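K.L.:
Show me the folded form of this:
(one chain, ligands or ions: 1)
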Amino acid sequence: MNFITTPEEKKKHITDWWPAIKKWPEEEIAARLPQAIAAPETVREVQDAVKYAYDRDWAVVPFGGASGVLGGIVPEKPALSIDMQKLTGVVEFDVDNHLVTAYAGMFCLELENYLNERGFTLGHYPQSIELATLGGLVATKSSGTFSSKYGNIENMVQCVELVLPGGEIFTNRNVPRSAAGPHIPALFIGSEGTFGIITKVTLKVWKLPERREFRGIEFDSMEDAILTAREFYRRDIVPAVVRIYNPAEARGHYAKINRRSGKVLMIAGIVGAETVTPELLKQVLLTSEKRGGFDLGAEIGNNWEQHRYNADWLEEGNAKDTTVADAIEVSGNWTVLPKMYEVVSKRLEGKVDELWAHCSHCYPSGANIYFIIFASGKDKAGTLQKYNEIWKIIMEGALESGGSGAHHHGIGRQRLPWFREEIGAASYEILRGIKKAVDPKNVFNPGLLGLE
Ligand SMILES: Cc1cc2nc3c(=O)[nH]c(=O)nc-3n(C[C@H](O)[C@H](O)[C@H](O)COP(=O)(O)OP(=O)(O)OC[C@H]3O[C@@H](n4cnc5c(N)ncnc54)[C@H](O)[C@@H]3O)c2cc1C
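P.N.:
Below is the predicted model:
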């Protein structure tokens, strides 16, 4: 197996989409570069790479697509970065049992294309579908845009294979469910490379839907739209996609259909059987109407669907040393969400140049909120300081309101200060105990999840 040691590749392997790292001075970046990068093509080579690092007392940092947004691939001690992109491809498509097994370095869009050609879908459509690997999506506990129908990654994983810190292979029984005690594979979903390196996953897949309908619905307030989403659950008519944009973020969507509006926008997406979809759409529109929701038609919904992977605003917002943009996702129960939105928006006044916000993942009990911030400072250091102040406001606002400070990007380096408060002292101690048992030499991604 080749080890790569060029400075450019080392830098590339610690640079994800975390806005903070773009503001770091060069010395700080140089101090965090890995010793080397391994690019295994087989599971055996992953084991060899882990042993190589173990023998040298280096850390192991799993590297997927580097689409993480929180610095989860930035080492804090001498490390071997294990780049998983060459361990790719479908191992087995078990059409009879609606399962697909693929190597962890496969990009999510490649798997989706493979499945679509065979009439199936994974149903996982994160906005980063082209940029993220299957291993990374599992390791960060990701969510896709159609999560109300297909669930999040934890609902899709049936089996996970890992190389553990000692080099042995972990895998679990290939069954849809088992009541045989706590489900150990769940420990690895959201583990961010701290317990081992994911090499293979078996995922549940669905038939491609027969019909797809997308709609825009205009509301007077976030609260009206949020309570309408709750009503979808009460009436058992939940769309696959429910997105609720505040007026500032909605503006760009309205502009696409040449509409000027200062109101809240809901995008509803209903996908499924030919016989069911039109009726569901009718009921969604009727339910929305009861809280003043105005049907804008299909064009604005279809437009969202066609451009849903576009994230130009994120690149543009971070292009200069003096500007920063980020999407910070939190969540709460239905009764918490309107208050959380108000509290956080108010506290951000004067701190941000612009605040977009949307809900995009709904559950019977509540939903997430994305706070999308655009801010600026005098120079790199000032902008980074402002960025960290904004994070503090959002995390404290979410936790004080009774919500969660992390919906689906994971913890990485940026969220670490709030991790223990969120999970609680007891959970944290349990996690530390597990880390000691699984990785006694603290080889895997030291420091992440606050695990020493
Ligand atoms: C434009 C944009 C849009 C995004 N939209 C979404 C979205 O809609 N939903 C969403 O959930 N996220 C989204 N993200 C965040 C990001 O795509 C996810 O966090 C993704 O899961 C990261 O996968 P990756 O392969 O790029 O992992 P990386 O960034 O390479 O790594 C992320 C973390 O996972 C660990 N890791 C990676 N591979 C493995 C492995 N094989 N085994 C063990 N640990 C591993 C790394 O060590 C690191 O801690 C978005 C990001 C961007 C830039």
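
K.L.:
hey, let's count contacts and neighbours off CA atoms from now on
P.N.:
Will do.

K.L.:
hmm, stretch 361-370 in reach of the ligand?
P.N.:
No: on the criterion Cα under 6 Å from any ligand atom, stretch 361-370 is out of touch with the ligand, staying 9.9 Å away.

K.L.:
Mind naming the longest helix for the chain?
P.N.:
Using DSSP state H, we find that the single longest helix of the chain is helix 380-400.

K.L.:
so how far is P62 from P247?
P.N.:
Distance from P247 to P62, counting by Cα to Cα, to the nearest Å: 39 Å.

K.L.:
Wasn't I300 part of a helix?
P.N.:
Yes: counting by DSSP: H, G, I helix; E, B strand; the rest coil, I300 is part of a helix.

K.L.:
List the residues that contact it.
P.N.:
For I300, the contact set (Cα atoms under 8 Å, 6 or more residues apart in numbering) comprises F214, R215, G216, H253, Y254, K256, I257.

K.L.:
Flag every residue of the stretch 1-150 of the chain that's near the ligand.
P.N.:
Residues of the stretch 1-150 of the chain that fall close to the ligand, judged by Cα under 6 Å from any ligand atom: 16-17, 61-69, 72-73, 104, 126-128, 131-133, 135-137, 139-140, 142-144.

K.L.:
Tell me how many other residues crowd A426.
P.N.:
With neighbours defined by other Cα atoms under 10 Å, the count for A426 comes to 10.

K.L.:
do A437 as well
P.N.:
12.

K.L.:
Mind checking what secondary structure it has?
P.N.:
Under three-state DSSP, A437 comes out as helix.

K.L.:
Identify all contacting residues around whichever helix or strand comes after the longest helix of the chain.
P.N.:
As assigned by DSSP states H and E, the chain's next helix or strand after helix 380-400 is helix 416-423. Applying Cα under 8 Å, 6+ apart, the contact partners of helix 416-423 are M395, L399, S404, G405, I411, Y428, L448, L449, G450.

K.L.:
can you pull the pLDDT of the last one?
P.N.:
The score at G450 is 94. That number is its pLDDT.

K.L.:
if you skip the residues just before and after it, what's nearest to it?
P.N.:
Counting by Cα to Cα, 6 or more residues apart in numbering, the nearest residue to G450 once its immediate chain neighbours are dropped is L416, at 6.5 Å.

K.L.:
What's the separation between that neighbour and the ligand?
P.N.:
Plainly put, L416 is 12 Å away from the ligand if you go by Cα to the nearest ligand atom, to the nearest Å.

K.L.:
if we can go back for a sec, the residues of the stretch 1-150 of the chain next to the ligand in strands, which ones?
P.N.:
Taking DSSP state E, the ones among those that sit in strands are V61, P62, F63.

K.L.:
Can I get the contacts of helix 416-423 in a markdown table including distance to the ligand?
P.N.:
Output for these, formatted as a markdown table (distance: Cα to the nearest ligand atom, whole Å):
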| residue | distance to the ligand |
| --- | --- |
| M395 | 18 |
| L399 | 20 |
| S404 | 15 |
| G405 | 14 |
| I411 | 8 |
| Y428 | 18 |
| L448 | 8 |
| L449 | 10 |
| G450 | 12 |
